[in-house]
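**Student:** sharing a sequence plus its predicted fold:
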Amino acid sequence: MERSSLEANLPDTHEEGKLYVVDSLNNLNKLNVCPDRSHHAPDEEQNTGGTGENTTGSNTSNQRLFFATFVLTLIISLVLVSFVLFLIIQTRNKVDQISNKLISEKKNIEELKKMHSVILKHLNQSGIKE
């Protein structure tokens, strides 16, 4: 009984070998007949598996890759815009602090000028001269 199963499998593998040889000859023929398609013929057959099917699977994966890249780009852009807004707000706060300090220093300088003029008037009135 084992011999019958072995004999039944041998013709199948022989037929598959013939198909493989025919496919190989077809590929060589395509390469020789169409030298400008030499780079495309093996790639197309690998994508379709030699059956002539459309490459919808690769299109779907390309669309998924494009969508993932697009979403990642949007997220990175959002993070960068948020960071720039944060820097603008921080810079504005620092500028406000510096301008407030300058205003207070200006007031201090004006008060010192007034005190200086009052001291000079007092010295002139008291008669003390240099």
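**Tutor:** Thanks, I have it.
**Student:** and the gap between Ile119 and Ser82?
**Tutor:** Remark: distance between Ile119 and Ser82 (Cβ to Cβ, to the nearest Å) = 55 Å. Yep, even glycine has a C-beta here, placed from its N, CA and C like the rest.
**Student:** typo on my end, Leu74
**Tutor:** Look at Leu74 and Ser82: by Cβ to Cβ, they are 13 Å apart.
**Student:** before we move on, what about Met115?
**Tutor:** Distance, Met115 to Ser82, by Cβ to Cβ: 50 Å.
**Student:** next, count neighbours for Lys107.
**Tutor:** Using other Cβ atoms under 10 Å, Lys107 has 10 neighbouring residues.
**Student:** and for Asn26?
**Tutor:** For Asn26, the neighbour count with other Cβ under 10 Å is 13.
**Student:** can you give me the helices for this protein?
**Tutor:** Taking DSSP state H as the test, the helices found in the chain are 2-33, 40-48, 56-126.
**Student:** of the ones you listed, which stretch is the most buried?
**Tutor:** Highest mean neighbour count among the helices of the chain (mean count of other Cβ atoms under 10 Å): helix 40-48, with a mean of 13.
**Student:** tell me the mean pLDDT for it?
**Tutor:** Averaging pLDDT along helix 40-48 gives 49.
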